[in-house]
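Asks: Next input, structure requested:
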Amino acid sequence: NTTHPQMADPVARRALRMATNRQAIFDKVVLRNGAITESVVPQITRNYLPLPLTPYDPAAAARLLDAAGWHAGADGTRRKNGVPLSVDLAIPSGYAPSATMAALLENDWLKLGVAVTIHTWGTAQYFAIYSAGGILQTGKFDAALLSQSLGPVFANVTPIYGCASVPPHGANIDRYCNTK
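Replies: Next up is the predicted model:
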């Protein structure tokens, strides 16, 4: 959720990505089904672009955070200008792959100095519409895990990453907005 201070920082997001052991997730969560890719555009579409994979490099992630002013405090949690580098990781209840992936992310990110809280929500509340206070739609999380299928994506990711698609107007639950 890029509207929260620590998630608004592209350096923090990049470091979290670099400190995430995606091979372990691929092995333990999806049981080696599919492929690890950077693109949200499926490989089976003609518009797929094989982007280079972000390397798993926790040491480089730590250096990146240090250089950006995210320093570890006495409790081991990184902070920048008084803002802790913490992640409220939201998952739906009753779905074992999300629980497994959340535990793997927590393990990876704690080593980086990121405080992680895994918050499990009832499925109905998690996926509810905006007006009903749905967790994903109202942005009550820093990061969220879900399986998402919006039908054929092709190269048009506007419905899930467009600035005009932030809830309640669309499905951009990350609230990512790049006007360029």
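Asks: contacts and neighbour counts: CA atoms only from here.
Replies: OK.
Asks: outside of stretch 108-128, which residues touch it?
Replies: Contacts of stretch 108-128 with the rest of the structure, by C-alpha atoms under 8 Å, 6 or more residues apart in numbering, involve 16, 19-21, 58, 61-62, 72, 76-78, 84-94, 102, 106, 133-137.
Asks: in the sheet, who's paired with the residue positioned nearest the centre of the chain?
Replies: With distances taken as C-alpha atoms, centre = their mean, the residue of the chain nearest its centroid is residue 143 (4.8 Å). Residue 143 has these beta-bridge partners by DSSP bridges: residue 89.
Asks: Next, the contact list for it, please.
Replies: 1, 87-90, 174.
Asks: buried set for the longest helix along the chain?
Replies: The longest helix of the chain (DSSP state H) is helix 96-112. Using 16 or more other C-alpha atoms under 10 Å as the test for burial, helix 96-112 gives 97-99, 101-102, 104-109, 112.
Asks: mind listing the strands for this structure?
Replies: Along the chain, the stretches classed as strands by DSSP state E are 71-72, 78-80, 83-84, 86-92, 115-121, 143-144.
Asks: These into a markdown table, with extra columns for distance to residue 163?
Replies: Shown next, in a markdown table, are those (distance: least, C-alpha to C-alpha, whole Å):
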| stretch | distance to residue 163 |
| --- | --- |
| strand 71-72 | 31 |
| strand 78-80 | 27 |
| strand 83-84 | 25 |
| strand 86-92 | 22 |
| strand 115-121 | 26 |
| strand 143-144 | 18 |
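Asks: Residue 40 is nearest to which of those strands?
Replies: For the strands of the chain, proximity to residue 40 was assessed by C-alpha to C-alpha; strand 143-144 is nearest, at 15.9 Å.
Asks: you'd agree residue 136 is up against residue 173?
Replies: Yes. In this structure, residue 136 is within contact of residue 173 by C-alpha atoms under 8 Å, at 6.0 Å.
Asks: who has more neighbours, the two?
Replies: residue 136 (26 against 22; other C-alpha atoms under 10 Å).
Asks: Pull up the gap between that one and residue 176, please.
Replies: 13 Å (C-alpha to C-alpha, to the nearest Å).
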